[in-house]
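Undergrad: Just need the structure, nothing else, for what follows:
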Amino acid sequence: MKRSALQLEMAIILHLLVIDITIYSIKGPVEEYYALGVYNLLWLLIAIMIGTYKYNESRSNH
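TA: Just a heads-up that it's a prediction; the model follows:
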């Protein structure tokens, strides 16, 4: 399960790189740095939350 979280974190970072490069190549230097920065920060926060989430390894049926 921990390996899946790492793969998901890497996918999020790759996603951000692709989005940033695409926006930069279409618009040049982006004037909406605030919106793009907030977007990146939210996704990085999600990645950090996934990475630090404590997985319960117990498989008991309660």
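
Undergrad: pretty sure residue 40 is touching residue 16, no?
TA: Yes: contact status for residue 40 versus residue 16: in contact at 5.5 Å, counting by CB atoms under 8 Å. Bear in mind the C-beta positions are built from the backbone N, C-alpha and C, glycine included.

Undergrad: what stretches of this protein score poorly on pLDDT?
TA: Across the chain, the ranges flagged by pLDDT under 70 are 1-3, 29-31, 54-62.

Undergrad: longest helix anywhere in it?
TA: Longest helix in the chain, counting residues (DSSP state H): helix 2-27.

Undergrad: So which bits of that helix are buried?
TA: For helix 2-27, a neighbour-count test (16 or more other CB atoms under 10 Å) marks 5, 9, 12, 16 as buried.

Undergrad: Could I get the buried residue list for the helix or strand just after it?
TA: Later in the chain than helix 2-27, the nearest helix or strand by DSSP states H and E is helix 33-52. For helix 33-52, burial by neighbour count (16+ other CB under 10 Å) applies to 36, 47.

Undergrad: what packs against helix 33-52?
TA: helix 2-27 (3 or more CB pairs under 8 Å, 6 or more residues apart in numbering; DSSP states H and E).
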